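Q: Need the 3D shape of this:
(2 chains)
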Amino acid sequence: MNAQLIRELKRLLGADAVLDKREDLLLYEYDGSVEMARPECVVFPRTTQDVVHIVRLANQYKTPLVGRGAGTGLSGGALSRKGGILAVFSRMNRIIEIDAENHRATVQPGVVNADLSAAVAHLGLHFAPDPSSQKACTIGGNVSENSGGPHTLAYGVTTNHVLALGMVLPNGEQVRVGSCALDPPGYDLAGLFVGSEGTMALITEITVKLTPLPEAVKTLLAIFDSLDDATETVAEITARGITPAACEMLDGWTLRAVEAYVHAGFPLDSAAVLLIDVDGLREAVEAHAEAVADVCRLHHARDVRLARDAAERDLLWKGRKNAFGAVGRLSPTYYVQDGVIPRTKLPLTIRRINEIGKKYGFEIGDIFHAGDGNLHPIILFDASDPKQFERAVSASDEIIKFCIEMGGSITGEHGVGMEKDRLMPLLFSDAELDFMRRVRDAFNPENLLNPGKVIPTAKSCGEIRVRPLPIAGGSPA
Amino acid sequence: MSAVASAIATRLAEIVGDGNLFANPADLAGYAIGALRPRVAIRPGSAEETADVLKFAAAEKLGSVACGARTKLDLGLAPRKYDLAVDMTRLNHVSAYDPDDLTLSVEPGLALHQLSATLAERAQFLPLEVPFFRRATVGGTIASGMDSPLRQLYGTARDFILGMEFVTADGTLAKSGGRVVKNVTGYDLHKLMIGSFGTLGVITKINFRTFPLPRNVRAFIASFDSAERALDLRARVSRSPLKPLTMEVFSPGIADLFCSDASRRIDPAAFPTNLLASDAWAFTCGFAGTEKVLERYEAELRAMGAQVGGANISVLQGDDVRAAFACKREFVPIALESSPATTIAKAAVLPSRIQEILGVIELAATDESLRWAAMARGVGVIYVALLPDALTEGARRRLARATGRIQSACEKAGGHATIPWCPFEWKSELKVWGSERADWAQMRKVKSVFDPHGILGVGRFVGGL
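A: Numbers count the residues shown, from 1 in each chain, chains lettered A, B, ... in the order given. Now for the predicted structure:
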């Protein structure tokens, strides 16, 4: 990287806010996905003014620039695909304002998701999007990726909770879009920028809605001897119009991996479990839990357990949220997908995924946000065996194509990033992709901001690189 | 028709068929925006025809405005150029409905009440209970960004639209989002289309998530001697574990509107009498659930209502709930029927500032001798009807002063206020879209991508867009 650029960054941000040694940069060449890309320098802005400086220098030196939160992303969204500067927002981690009366909070992008909920818990509020990585991931990252999480089934994903954004555009201009008050006149720019994966602006301030904590929560663990019974239960819960707060499924393979690690109390001999939260008014929760249990029993659940107390509930959820950490103990390399399907197609799709696994010689674990139809099949493979890796990619592609055939989509919450851009043509025509490119270019005309993401640059199948080791306890939503 | 118009009509007729092109003055009057009439109106029969129409319109630089049932064509400002009305009412089918998945895909020209009936057969619904409900189309509702009393619990269209298909101004048929309930594949372009008044593209399909129809709905209503007390109840309910479906505070003037002949003309289900007094403020909310849940709501609402000095506390059931809801939903059309020069402002502030804004509204209306009524949603969106006795120059001046005060108070409070409805000839004198906002400059960038030649309703929307 241009030595003059590094000198200027150090002068403007301070020497302790710039990393450019190889051994330091190695820490920033991966995220939670299998992708890798090393930045040429890492900077840590403390203020919006710092961000403006960084953006202007990147422009002046025509250097790619990528924003990053905690690096827990699952699609390579916060990796420097084209080198250049990686701006890590961990030092912009201040909660600027909490307005309990109006259920609003304004935060800097580096605030950790769970920290915001912890900061407002005494007010009876929380920030509803809850990715499994919520103890580490930042709200800036959540906004960029439009993150989900188990409880988004009832509460909605990040975009449903963002009201306004302060941003620095790739030309260095500071802008604020949206409004604390609802329905600001004009186009829904906040709606456009949330989930744009850092390709149009760097976010410096976020105003979110806070959600009241429910009065009562019940957590049910339904245990099944057949995978089909479990998936059919989910389809019927949906069809009956029961909306649990969360409805997660772990298949036998995954729950055994989890149990060995977390000891959450999942029965080792079962084919699948459903972990279901119902919440709301005390009186409503009782009726809801009963209705859910009825459907589970109708579909031959061997047992439907109700968590006795908060401690047992937390343990079950700890099992769910650490599932990918548990898988990481079994294999250093695994590939997690994020396809979405209509809930009615759940039984069929899960059967198909297992057939695809058999065809390619993999045991595929299934853990997913069943209530949303958002699947996270896990394929373990040995990265040192190129043939096996190739088979893993083929199996993975076949699963995704099947999701699309079912009327689904390639990513429900992890983002396209640099992992799935090659799959975008499966869903969008050239004209549509070109249109998205033009929208991006309206804000990011030179494509210096997070280049090589979301929209494929070439039609050829991109290669998926393999990360040598997963982050310990790495935990997709 | 001029030779040019005739040539245009000939080409358009080739796309949509002779029977779907209108060029005679009587037909075109039905597409008027204020005093402006299009040169031609056409009804495309498919998304592909819509794309061909826009391709032609772009080549010929025809100012084009898409419409549905034309209940809200008067919103916003006059377009700078209005050559072509693109009537979408032939695209009126349910493209896909999967009740077991609670997802739905519809064409924009479908009438809301028809869709509502289809969904009700499967005990489902869309929380799009918007004004002009018996006539409005799905597409017009979404393109105009109408909100519903149900937003208290369900949010607005942006919260339950899963994806869209639309034609951009150059005739490209594009889509974004999908038909699954969770999806982050590509940019959320459909969010831009919601409330954009057709200035970015023409919607040809909308995908929704549907919701189970709440059974056993009841409504609570109580009268108060001040806005402060009614709003105090709003705040208490917001702090409580209760999650009502709807929540509104009515100003005293509402009683006269909802119990009027105008109200019955709009929706025959008139507001239950004796519940609203002409001199009192009211708080009302709807709720649903099992018998036990209903009992809990009723007990807590009654207790909280009494604590803040509520009178006439009532809980409505059955037809009364439906009638009260219809009046809330149709506040705007009822108000439009109630004066020859009805002007409606839509204000939005943080809920904690509602009282201050209602105070400004009352003062401004009183100072300008204007009859008025306001409906404040619990989320901080306030609809204010200002009802002059006549359409006169004097009334216009009084209205301009009153709306100006309301708008500047909202802006000072960190909110905003627009004037969606007023006599068309007054539009140029009022700040229809409020004051210029900092992010309008960014909106121009979006517009330049979607509509580079400026053919889609240019001038109707914010900042001249």
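Q: Got the domain ranges for the chain?
A: Using chain A here. Listed by automatic domain parsing, the domain ranges of chain A are A:3-90, A:93-212, A:216-321, A:327-443.
Q: oops, I was thinking of chain B
A: Split by automatic domain parsing, chain B gives B:1-213+B:438-465, B:217-332, B:339-429.
Q: start to end distance for the shortest one?
A: Its start and end residues considered, domain B:339-429 measures 19 Å (Cα to Cα, to the nearest Å).
Q: residue contacts, residue 319?
A: The chain I'm using is chain A. A:250, A:255, A:258, A:259, A:262, A:264, A:265, A:266, A:275 (Cβ atoms under 8 Å, 6 or more residues apart in numbering or on different chains). (Glycine included, C-beta is placed from N, CA and C.)
Q: Sorry, I should have been clearer: chain B.
A: By Cβ under 8 Å, 6+ apart, the neighbours of residue B:319 are residue B:269.
Q: The nearest residue to residue B:284 once chain neighbours are set aside: how many residues sit nearby?
A: Spatially, and ignoring its direct neighbours in sequence, residue B:284 is nearest to residue B:221 (4.4 Å; Cβ to Cβ, 6 or more residues apart in numbering or on different chains). By the criterion of other Cβ atoms under 10 Å in any protein chain shown, residue B:221 has 25 neighbours.
Q: Relative to residue B:62, how far out is residue A:134?
A: Counting by Cβ to Cβ, to the nearest Å, the gap between residue A:134 and residue B:62 amounts to 51 Å.
Q: Could you check which residue of the stretch 51-200 of chain A lies nearest chain B?
A: Nearest residue of the stretch 51-200 of chain A to chain B, counting by Cβ to the nearest Cβ: residue A:191, 3.1 Å away.
Q: Sticking with that residue, tell me its helix or strand.
A: Using DSSP states H and E, residue A:191 falls within helix A:189-193.
Q: Give me the contact list for that helix.
A: For helix A:189-193, using Cβ under 8 Å, 6+ apart, the contacting residues are A:143, A:159, A:162-165, A:167, A:177-178, A:200-201, A:203, A:439, B:158, B:187-189, B:191-192, B:194, B:439, B:442-443, B:446.
Q: Show me which positions of the longest helix seen in chain B end up buried.
A: In chain B, assigned by DSSP state H, the helix with the most residues is helix B:393-412. The neighbour-count check on helix B:393-412 (16 or more other Cβ atoms under 10 Å in any protein chain shown) flags B:395-396, B:398-400, B:402-403, B:405-407, B:409-411 as buried.
Q: mind saving the C-alpha coords of the lowest-mean-pLDDT helix or strand in chain B as CSV?
A: The least trusted helix or strand in chain B, going by mean pLDDT, DSSP states H and E, turns out to be helix B:261-266, with a mean of 87. This file holds the C-alpha atoms of helix B:261-266, laid out as CSV (Å, rounded to 0.1, in the frame of the first residue of the first chain):
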residue,chain,number,x,y,z
ASP,B,261,-74.5,12.3,7.3
ALA,B,262,-71.1,12.6,5.6
SER,B,263,-69.9,9.7,7.7
ARG,B,264,-72.8,7.5,6.7
ARG,B,265,-72.3,8.4,3.1
ILE,B,266,-68.7,7.1,3.2
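Q: Export the contacts of residue A:319 as JSON lines, with columns for secondary structure.
A: Formatted as JSON lines, the contacts of residue A:319 follow (DSSP: H, G, I helix; E, B strand; the rest coil):
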{"residue": "A:250", "secondary structure": "strand"}
{"residue": "A:255", "secondary structure": "helix"}
{"residue": "A:258", "secondary structure": "helix"}
{"residue": "A:259", "secondary structure": "helix"}
{"residue": "A:262", "secondary structure": "helix"}
{"residue": "A:264", "secondary structure": "coil"}
{"residue": "A:265", "secondary structure": "coil"}
{"residue": "A:266", "secondary structure": "coil"}
{"residue": "A:275", "secondary structure": "strand"}
